[in-house]
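J.: Sequence below, structure please.
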Amino acid sequence: MSDPTDNLVLLPGVSRPTDTGTEPGLRAGPPPPDLLIPALEACLFSMPGVLSLLQLASALGVETIAVRVGLEALAERLIRTGSGLRLVEVGEGWQLRTEPRVAPWVAVLRGGRPFRLSRAALETLAIIAFRQPVPKSLVDEVRGVDSGAVLKMLLERGLIRSMGRAEDSSRSLTWGTTPQFLHTFGLRSLADLPTLRDLRALQQDDPASSAVTPSNEILHLVHDAADEPD
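T.: Next comes the predicted model:
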């Protein structure tokens, strides 16, 4: 049976993690203070998804407050040094992402086309984000056209979800955003949604979800929808 640590590359003076024998997995002990930030960076780099404070604290054997301080320091360092990576807090965790200015070359290397939202899709998504739960009839009213096909596309992309039936007499389906929406736009929660700021400022580049290009007209639509009385 192969040793799960066989793929680890150890530097001189660094001991090999040992298994406690009580359960599967590695136990390396907390990193020394000078290695906390590099350890956080390596953990984030090694995982494709979002890692929570609890996951990182458990892996490193340190308190969550130490993890948060370390993450904030790492995020600042990446910006200060002009790194091609950015550390962003999204949903319930943290993730390393491509710095937007270098995203086109990453997309070429990955061989995929950047994920883009059409104006119609972005209009619809913005209205839902600010007014959720919102029925299709209100989305159609704000946009002035039928949004059925756009809603279907956003649903297939995992950016919106059904939030049940409206409580009025229509009993129509209502729509809201998903955790994937937060992930795509680099938001920690819906509380981070702006009110009158270009949604481009929210787009944290991920090679799998690149540039979203809204127009000023969309902002007016969103503003009108958000200010509309219930």
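
J.: for the protein, longest helix please?
T.: helix 64-80 (DSSP state H).

J.: which helices and strands does that one pack with?
T.: Applying 3 or more C-beta pairs under 8 Å, 6 or more residues apart in numbering; DSSP states H and E, we find helix 64-80 packed against helix 36-46, helix 53-60, strand 85-90. Every C-beta, even on glycine, is put in place using the N, C-alpha and C of the backbone.

J.: One more pass at 10 Å, please.
T.: Packing partners of helix 64-80 (3 or more C-beta pairs under 10 Å, 6 or more residues apart in numbering; DSSP states H and E): helix 36-46, helix 53-60, strand 85-90, strand 93-98.

J.: so the longest one versus strand 93-98, what angle?
T.: In terms of direction (axes from the mean of the first three to the mean of the last three C-alpha atoms, to 10 degrees), helix 36-46 departs from strand 93-98 by 70 degrees.

J.: And for helix 36-46, what's in contact with it?
T.: The contact list for helix 36-46 (C-beta atoms under 10 Å, 6 or more residues apart in numbering) reads 28, 30-32, 35, 50-51, 55-56, 59-60, 62, 66-67, 69-71, 73-74, 77-78, 85, 87, 93-97.

J.: Which among these count as buried?
T.: Among the contacts of helix 36-46, those buried by neighbour count (16 or more other C-beta atoms under 10 Å) are 28, 31, 50-51, 55-56, 59-60, 62, 66-67, 70-71, 74, 78, 85, 87, 93-97.
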